[in-house]
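**Q** Below is the structure, and that's it, no one-letter string:
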Ligand SMILES: C[S@@+](CC[C@H](N)C(=O)[O-])C[C@H]1O[C@@H](n2cnc3c(N)ncnc32)[C@H](O)[C@@H]1O
Ligand SMILES: [Zn+2]
């Protein structure tokens, strides 16, 4: 064990290497997503929270110390984790009335139907087995955070695993990070929809993991209509909402992705407020997110340039040219070498092929 600090929390964490087999789990590479979570929950004003996969308790403790949450339930199925959670609560002098500890399977806990203003699903690998029952723990207008570390499946590398877990057909694309975020949102939406609930993404992450935090509301899901099939051309990177078999740009054969969420992956107004209230490092990502257009899916400029046998254009110049032609265009926080635009493949290809002229 070693003692560290994260945000306003002090923590005992295991000092051995991070493997699934280590007794409890602490990953400093996840600090950024915890910082974003703290800032989102503080903005949303959630008063109670459930940390069902608590590990060291870092998230629950930070929610109490930094996010204005008054009461947290910290749960983990592992006895070693619960021992550490207790130790960390004492270390942070958290008063007994602010927390409850439980050592159950998270799904069992959800099925008790006690509802919370914020629930965070942060598992090893895929969150799918928790998504099926988390609805029972969600209050009206609550927040839900979901992390997935099975990135290869979500991003199009392991298509069979993606279909098994999430029921979405995927393939290799030039937008793997947006694909992963959208598969995850699709799965959250479809699971919540079976309980007559809906989900509105507020902020999305794509790193070595995928994560989405969003608002849950009760009532029939109007968003389901934005879950669609998408056609993708692996030769020229053309993409179209709907099912098409021949690429209208290069006449190549199109592959099919979906059914997948084509709506917003973040809420720009919320991201602007988040940016104003964000006191941690990593602000640039939130800044990009706040300025990002909603149109799905980004174009990877390196891959586009490669297929056009030219060199990648300068990002800012290309955005300027797209806007001058009347298109929407922005960068994306998901991939720094990519552009988001509502311009089709033909229009963007012409601009890239024209190069530095
Ligand atoms: C990735 S860690 C959680 C990390 C933590 N949320 C953080 O921010 O540092 C996953 C934790 O889930 C626990 N876990 C795995 N399956 C579980 C289950 N079915 N119910 C409850 N806890 C479970 C593991 O013991 C482990 O501590
Ligand atoms: Zn094509």
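**A** Arrived safely, thanks for sending. Note that the coordinates shown come from a computational prediction; the quantities given were computed from them, not determined experimentally. Ligands and ions are numbered 1, 2, ... in the order given.
**Q** for the stretch 1-150 of the chain, what spans make up the helices?
**A** 31-44, 58-66, 79-91, 106-111, 128-131 (DSSP state H, counting those that start in this stretch).
**Q** cool, and the stretch 151-300 of the chain?
**A** Going by DSSP H, counting those that start in this stretch, the stretch 151-300 of the chain shows helices at 151-154, 159-166, 176-193, 268-276, 283-290.
**Q** Looking at the helices of the stretch 1-150 of the chain, which is nearest to residue 50?
**A** helix 106-111 (7.6 Å; Cβ to Cβ). To be clear about C-beta, it is placed using only N, CA and C from the backbone, and glycine gets the same treatment.
**Q** Mean confidence (pLDDT) on that closest one, please.
**A** Across helix 106-111, the average pLDDT comes to 98.
**Q** ok, and for it, which residues are buried?
**A** Judged by neighbour count (16 or more other Cβ atoms under 10 Å), helix 106-111 contains these buried residues: 106-107, 109-110.
**Q** could the helices of the stretch 1-150 of the chain go into a markdown table alongside distance to residue 209?
**A** Putting the helices of the stretch 1-150 of the chain into a markdown table (distance: least, Cβ to Cβ, whole Å) gives the following:
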| stretch | distance to residue 209 |
| --- | --- |
| helix 31-44 | 7 |
| helix 58-66 | 14 |
| helix 79-91 | 19 |
| helix 106-111 | 18 |
| helix 128-131 | 15 |
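**Q** Out of the ones you listed, which is the most enclosed?
**A** For the helices of the stretch 1-150 of the chain, the largest average neighbour count (mean count of other Cβ atoms under 10 Å) is found in helix 58-66, namely a mean of 25.
**Q** pLDDT at residue 353, what is it?
**A** 90.
**Q** List the contacts of the nearest residue to it once chain neighbours are set aside.
**A** Of all residues not flanking residue 353 in the chain, residue 308 sits nearest, at 5.4 Å (Cβ to Cβ, 6 or more residues apart in numbering). Residue 308 is in contact with 349, 352-353, counting by Cβ atoms under 8 Å, 6 or more residues apart in numbering.
**Q** just to revisit the earlier point, for residue 182, which of the helices of the stretch 1-150 of the chain is the nearest?
**A** helix 128-131 (15.1 Å).
**Q** Give the other helices and strands that the closest one contacts.
**A** helix 106-111, helix 176-193 (3 or more Cβ pairs under 8 Å, 6 or more residues apart in numbering; DSSP states H and E).
**Q** Show me which residues of the stretch 151-300 of the chain are close to ligand 2?
**A** 233, 235-236, 238, 247, 249-250, 252 (Cβ under 5 Å from the ion).
**Q** Next, the buried residues of stretch 235-251.
**A** Counting neighbours by 16+ other Cβ under 10 Å, one finds that the buried residues in stretch 235-251 are 236-240, 244, 247, 249.
**Q** gap between it and the chain center?
**A** 27 Å (Cα atoms, centre = their mean, to the nearest Å).
**Q** and the end-to-end length of it?
**A** 9 Å (Cα to Cα, to the nearest Å).
**Q** Break down the stretch 201-350 of the chain into its strands, ranges please.
**A** 210-218, 227-232, 239-241, 255-261, 299-300, 329-331, 338-341 (DSSP state E, counting those that start in this stretch).
**Q** what helices or strands is the last one leaning on?
**A** Using 3+ Cβ pairs under 8 Å, 6+ apart as the contact criterion, the neighbours of strand 338-341 among helices and strands are strand 299-300, helix 315-324, strand 329-331.
**Q** how far does the first one sit from the chain's center?
**A** In this case it means strand 299-300. 19 Å.
**Q** list the helices and strands that strand packs on?
**A** Against strand 299-300 (3+ Cβ pairs under 8 Å, 6+ apart) you get strand 338-341.
**Q** Turn the helices and strands packed on helix 128-131 into JSON lines, including distance to ligand 1.
**A** Below are the helices and strands packed on helix 128-131 laid out as JSON lines (distance: least, Cβ to the nearest ligand atom, whole Å):
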{"stretch": "helix 106-111", "distance to ligand 1": "4"}
{"stretch": "helix 176-193", "distance to ligand 1": "16"}
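**Q** most packed of those?
**A** Using mean count of other Cβ under 10 Å, helix 176-193 ranks as the most buried of the helices and strands packed on helix 128-131, with a mean of 24.
**Q** List, one by one, the residues from the stretch 51-200 of the chain near ligand 1.
**A** Counting by Cβ under 6 Å from any ligand atom, the residues of the stretch 51-200 of the chain close to ligand 1 are 53-56, 58-59, 76-78, 81, 105-106, 122-124.
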